[in-house]
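> How does the following fold in three dimensions:
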Amino acid sequence: MEQQLNTEQSESKPKRKKIITVVIFFVIIVAIIYLGWIEGSRWWQEKQKWVKFGLAEDKFPFRMYTEKELVERGLWSGESEWYNSIPTRTTPEETYAIFRKALMDGDLDKAAECFIEEKQAEYRQDLERAKTEGRIPEVLKQLTELYPRGTKIVKGTNDTNLATYEIFIIENGQKISNPIPFTKDKNGDWKLEDL
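Below is the predicted model of the structure:
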């Protein structure tokens, strides 16, 4: 009888060990799934934030855009190694001179091409309206040459792909400053952002 009792106790010990092992294994698996879910949710929310800002792809695995891709999408400003590597084909001063000359010659298409791509159609319409209303000479009077006597366009801020110049005009005896922003495009041409 004693031997039978010892046999039952020795058989119950491995059963208990198996049950404890299964429970521990189950707890570990549940903890891993829970932590994976929490971290996965955080990762997904973070990626969706970048997607919303346009800085990452909108398809899984939500890859972040490279600097070059951000520049091409118009989402990069400031210092850029990629922009620095683009050789300048047309300086802001040259773009400004081309724009002014195109207005003098009445070539509104060429004048509109001096603006950034997103605003070319808008400025083409504005210039056409100004021409129809006979205001082109008035616009040209405000757009002084680069360095004429008394008034000039001077360089303000300059960055890798952003530059601001100012035109100073005398109106009613007052010197008025008109800032003109330029942006370097991916072809290396500086274009007018606004006028």
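
> From now on I want contacts and neighbour counts done on CA atoms only, so please keep to that.
Will do.

> Would you mind measuring from the closest residue to residue 119 other than its chain neighbours to residue 26?
Computed as C-alpha to C-alpha, 6 or more residues apart in numbering, the closest residue to residue 119 that is not its neighbour in sequence is residue 193, at 7.6 Å. Applying C-alpha to C-alpha, to the nearest Å, the value for residue 193 to residue 26 is 62 Å.

> Same question for residue 192.
In terms of C-alpha to C-alpha, residue 192 sits 65 Å off from residue 26.

> between these two, who's got more neighbours?
Taking neighbours as other C-alpha atoms under 10 Å, residue 192 and residue 26 compare with residue 192 leading, 25 against 12.

> ok, that one touching residue 185?
No - here residue 192 does not reach residue 185: they are 10.2 Å apart, not a contact under C-alpha atoms under 8 Å.

> shared neighbours of those two, anything?
Shared contacts of residue 192 and residue 185 (C-alpha atoms under 8 Å, 6 or more residues apart in numbering): residue 116.

> What ranges does the protein have for its helices?
For the chain, the helices defined by DSSP state H cover 2-52, 67-72, 81-84, 92-105, 108-112, 120-132, 136-142.

> I'd like to know which of the ones you listed lies nearest to residue 58.
Set against residue 58 and scored by C-alpha to C-alpha, the helices of the chain come closest in helix 2-52, at 5.7 Å.

> Would you enumerate the residues in contact with residue 90?
Residue 90 touches 188-190, counting by C-alpha under 8 Å, 6+ apart.

> correction: residue 65
55-57.

> now swap in residue 17 and tell me
Contacts of residue 17 by C-alpha under 8 Å, 6+ apart: none found.

> how many other residues sit next to the residue nearest to residue 119?
Around residue 193 there are 20 residues (other C-alpha under 10 Å).

> just checking, it touches residue 184?
No - using C-alpha under 8 Å, residue 193 is not in contact with residue 184; the gap is 9.7 Å.

> Report the buried residues of stretch 176-190.
179-186, 188-190 (16 or more other C-alpha atoms under 10 Å).

> quick one: which two of the residues you listed are the most distant?
Among the buried residues of stretch 176-190, 179 and 186 lie farthest apart (C-alpha to C-alpha), at 23.0 Å.

> Now tell me which helix or strand of this protein has the poorest mean pLDDT.
In the chain, the helix or strand scored least confidently by mean pLDDT, DSSP states H and E is strand 153-158, which has a mean of 50.

> measure the residue nearest to residue 119 to residue 133 for me?
The value you get for residue 193 to residue 133, if C-alpha to C-alpha is used, is 24 Å.
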